[in-house]
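> Got a sequence here, can you build the structure:
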Amino acid sequence: MIRLSKNHIKSAGILLGRALFDDPVSIHVIPDSNERRIKLNHVFQMTACLGVFYGEAYATSENLEGIAVWIPFNNFKEKKLRMLRCAIKAKLNKLGREAGKRFKPVEVINKKMHIKFAPYEHWYLQSLGVDPELQGRGYGSSLLISKLEKIDEQGLPVYLETSTEKNVRFYKKFGFEVVEELIIPGTQVPECFMLRE
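Next comes the predicted model:
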């Protein structure tokens, strides 16, 4: 494992954009696949920026086969200026106003559920993605195991959201449980909220 630095933000965003290209949230925010291919990397450059500067972001190696972005709870709570800094760095304005509108209900419900189910000190798994050509080879598991071992030593829980049944099954192998699932209001996007005590 390597810890990502600011020099990795752009390439990390590109990798996560490929890894999560077919995620229901990605499709909802940018429905057109050609536009999504061009713009999604900006969303995940912001995610990588948040991990690098305000949490921890790791890759399986310098080749960036897979990436995990972790945010501690105190930085999740106090994020407005941090989000703005990373949005500017990631050139998130290139997404356009329509994508921002489509993301808003996802953001609102995710924040509400996060505070409801994990209002105490914990780690937030913001994103986990593996290059589509390399999925199923253990990269995602390696990323999870290495950080979860350290979190267990701290005695802290971990919270995440995911939108696919495949991901739910994957996370359950590592002790995560679904605390609620729903269709995000105003969308067709399923969302599962998971907690690992």
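
> Just give the number of residues close to Pro72.
For Pro72, the neighbour count with other C-beta atoms under 10 Å is 17. No exception for glycine: its C-beta is placed from N, CA and C like everyone else's.

> Report the contact partners of it.
Counting by C-beta atoms under 8 Å, 6 or more residues apart in numbering, Pro72 touches Gly55, Glu121, Trp123, Tyr124.

> SS state for the closest residue to the first one other than its chain neighbours?
Using C-beta to C-beta, 6 or more residues apart in numbering and skipping the chain neighbours, the partner closest in space to Gly55 is Ile71 (3.9 Å). Classification of Ile71 using DSSP: H, G, I helix; E, B strand; the rest coil returns strand.

> sorry, back to before: got a markdown table for the contacts of Pro72, with secondary structure, pLDDT and distance to Arg37 too?
Below are these laid out as a markdown table (DSSP: H, G, I helix; E, B strand; the rest coil; pLDDT from 0 to 100; distance: C-beta to C-beta, whole Å):
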| residue | secondary structure | pLDDT | distance to Arg37 |
| --- | --- | --- | --- |
| Gly55 | coil | 93 | 27 |
| Glu121 | coil | 94 | 38 |
| Trp123 | strand | 97 | 31 |
| Tyr124 | strand | 96 | 27 |
